[in-house]
Structures are given as structure tokens and as C-alpha cells.
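A.B. asks: For reference, the sequence and a predicted model appear below.
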Amino acid sequence: MAGWLFCCWTPLWIVLFLLSNVSADPSSSSKYTLHQTRANFEDAMQRCSPGVLTTIATQQEVDDILKLIIDSVPLQENFTFWVGLKKAKNQCVVLSQPLKGFRWTENSSEESQVSRWAQQPAETCTGVLCAALMGKFDGSTVSWGLIPVTCKSSYHFICKLKNRPTDVCQHPSIPETRFLTLDSDNSSLVQVECWSTVRLNLLCSGRPAMWRTLDGLPVNFSTACLKCSNGFQKDAFGSCVDVDECANPDGSPCRRSCVNTEGSYRCVCSDADGEQHDEDSPPCQDQVTVEDSGALSGILIPVLIAVAALVVLVVVVAVTVKCCLMRRSKKRAIKAAEKMAMKSKQEKDSFQTANEKTAT
């Protein structure tokens, strides 16, 4: 009886064991996405969040990645994609190891069943290096290999997302939302436009995955679209931050000095001891009176000087004109006297001539 039970149950346990191994295969629960936009290594890692830059540590992963490339890359075209392989600054290149001293960014592992390098990295223990998948698809086969490159290079990239509940964010439900727009290149990024004109960028990231602002803080859906209190405004991370009214490009709201405060501002003046007073307080009013008097004096004195100069100018002009007129009158009188004298002489000469003719 026991032997019969053993013979019946043994195959069943073997089948269950194999099924458990299949379901535990990391690649079996992975989803790969190929991004055609270019980015440096760090940006590519962030755009893959909450997933990771793909690993190619098993033959199954290699087959899945190459199939994705065949379906996406045009014929006879070279390709280069970021994968999640990196050497830190304090790590050394070891040419005898499959990954040459590089590690997978997903789990910091140096293990790999597949090792194919199109270009060997230079032996070094300084500097940061990243690895990219380079190759070409000729229509029937894909030739490929890893190359060491600087992490600041710009390539397309391949992401891997585990199909686990903790890796996927639920569709965000935010009150007072007008539009929710999914980023066309990064499915983990959502742009939120609220009826209150507030705009937010939310990123699905972290473990467990949840919607966060760009600075990594979890989003409070109940307040995300609410307006801030007076004197505050939303920043790019969705947080209410103080508005600096004193830095208004249209001009200061104060006649004197402006001091920004949390949610508001103060208009102040400073006395001789450096102590600040509200702009409408008596010390500030006294300073305004004194300053206004000084300003009036500063305006009045130049005006008086200008008036005095004008009067002097008028007098000078009048005197000059009078002198000219007197000189002209004198000349006319002299000319008239000369004409009269000449006329008298002519008459006298005529009289004498007449007398001489009579005597003759």
C-alpha cells in the first residue's frame, strides 16, 4: 500500500516542483520595453523606474531582448542600448570575470550565465564606467556584444519591469483633476492638470511603488489639486511654498523697505539705531515729514537760483537794449544838427551872394 502511494504521489510532486521553478524564473515574470529616445545612463535609470535597466544575465533574457530588438530595429541598422551594467569608481576592472568587474544595477550582482563583449574594457580601478549593448540586425540574425562607455553618453535604452503588484502604481484618483496625461516616453510619469490651474508631475517609483512628486515625496491625493493659502504657491514638486512679494518684478509693494515673511510681507523703515518700524507707524511718518521737507528744500533752492539768474539776465538785456537805443538817438541828433548847420551856412552864402549882386 505504501509503495503504491509513493508511486502515485511522486510524479505529482515532481510536476509541482517543476512548475514552482518555472514560476520562480526571473525572466518569466519580466516585461521589457525598448525606449527610442536618447538619454545618459542615470536619466535612463530614472525613466525606467519603477522598473530597472534590463539585465542580460541568462540565455532566456538574451533571447527575449534580441526578439524585442528584431521587432523594433530596422534592417541593416546598427544599434546601441543601455543595459543595467555599471562599474563604480572604487571598483576594478577584472578581465578574467564574465562581467569584467561590472555589476548589475538591479541587485549589485556580478553573476551572469552569458558573457559576450564586443570590446574589452581597459584595466582600471578609478573612474565610473557603464556598459551598453551594441550590435546589428541583418534581417536574419542579430550580432551583438557589450561595450564599456562613459555613463554620460546618450543612447536608447531597454527597461525591465517585474509584473508584481508592488512594482505597479494604481491609476491615480485625484479630486479636482481636470486632465491626467501619461508621458508618451515614460509610462511611470503622469502630468496632472487641476481645475485650480495647478499643474503637477507625478512619478511612479520606489519599493513599494507609489505615486511621488519629482523630489521623491509621496503624493497626498486629497490635497494635490487644492489651491495654496494666500501668500503661497505650488512649486514643481506640488508643495506649497512661500511667495516672495518683495521680489515682484513689477515693483515693490512698499514705499520704503520690504521684508518678506511666511505667507506675507512687511513694509518697514529703519531709524537711526537700525531698528525697524512698520511703514505706517509714527517714527516712519516723522521720517517721511523730514524727508519731504528736505526734498522740498532741495527743490526750492534750485528754483530760486534759476529765478534770480533769469531776473539778472532780463536786467542785463534791458540795460543793453536801452544803451543801444540811447546811442542810436544820440547819433540821430548829431546828424540832424549837422544837417541844420549845413543848411544855415548855405542860406548865409546865398544871402551874401545876393547882396554882392545888388551892390554891383
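C.D. replies: Cool, got the structure.
A.B. asks: Which of the helices or strands spans L325?
C.D. replies: Assignment of secondary structure by DSSP states H and E places L325 within helix 282-359.
A.B. asks: so how far is V314 from F41?
C.D. replies: Distance from F41 to V314, counting by Cβ to Cβ, to the nearest Å: 85 Å. Bear in mind the C-beta positions are built from the backbone N, C-alpha and C, glycine included.
A.B. asks: who has more neighbours, the two?
C.D. replies: More crowded of F41 and V314, by other Cβ atoms under 10 Å: F41, with 27 against 10.
A.B. asks: Phi and psi next, for that one.
C.D. replies: When read as degrees, to the nearest 10, the backbone of F41 gives phi -60, psi -50.
A.B. asks: With T80 instead?
C.D. replies: Residue torsions, per degrees, to the nearest 10, at T80 are phi -140, psi 130.
A.B. asks: Could you pull up the residues touching H277?
C.D. replies: Residues in contact with H277, defined by Cβ atoms under 8 Å, 6 or more residues apart in numbering, are 268-271, 283-284.
A.B. asks: Helix, strand, or coil at it?
C.D. replies: strand (DSSP: H, G, I helix; E, B strand; the rest coil).
A.B. asks: which stretches of the stretch 1-150 of the chain have low pLDDT?
C.D. replies: 1-30, 75-76 (pLDDT under 70).
A.B. asks: try 50 this time
C.D. replies: 1-2, 4-29 (pLDDT under 50).
A.B. asks: That one: helices as residue ranges?
C.D. replies: Secondary structure of the stretch 1-150 of the chain (DSSP state H, counting those that start in this stretch): helices at 2-24, 41-48, 59-72.
A.B. asks: any idea how far the shortest one is from the chain center?
C.D. replies: A distance of 20 Å separates the C-alpha centroid of helix 41-48 from that of its chain, computed with Cα atoms, centre = their mean, to the nearest Å.
A.B. asks: now for it, which elements pack on it?
C.D. replies: Packed against helix 41-48 by the contact rule (3 or more Cβ pairs under 8 Å, 6 or more residues apart in numbering; DSSP states H and E) you find strand 30-39, strand 52-53, strand 77-87, strand 155-162.
A.B. asks: And those strands: which comes nearest P249?
C.D. replies: strand 30-39 (34.5 Å; Cβ to Cβ).
A.B. asks: which residues are contacting that closest one?
C.D. replies: Here strand 30-39 has contacts from 44, 47, 51, 54, 61, 64-65, 68-69, 72, 81-82, 154-163, 185-187, using Cβ under 8 Å, 6+ apart.
A.B. asks: what about 6 Å?
C.D. replies: Residues outside strand 30-39 that contact it (Cβ atoms under 6 Å, 6 or more residues apart in numbering) are 54, 64, 68, 72, 154, 156-161, 163, 185.
A.B. asks: likewise stretch 56-72?
C.D. replies: Here stretch 56-72 has contacts from 27, 32, 34, 83, 112-114, 137, 142, using Cβ under 6 Å, 6+ apart.
A.B. asks: Can you give the distance from that stretch to the centre of its chain?
C.D. replies: 38 Å.
A.B. asks: likewise stretch 63-81?
C.D. replies: 36 Å.
A.B. asks: try stretch 315-335
C.D. replies: 78 Å.
A.B. asks: and what of stretch 192-199?
C.D. replies: Worked out by Cα atoms, centre = their mean, stretch 192-199 lies 20 Å from the chain centre.
A.B. asks: and what of stretch 83-99?
C.D. replies: 35 Å.
A.B. asks: how long is that stretch end to end?
C.D. replies: 13 Å (Cα to Cα, to the nearest Å).
A.B. asks: And that stretch, what's buried?
C.D. replies: Residues of stretch 83-99 classed as buried: 83-87, 91, 93-94, 99 (neighbour count, 16 or more other Cβ atoms under 10 Å).
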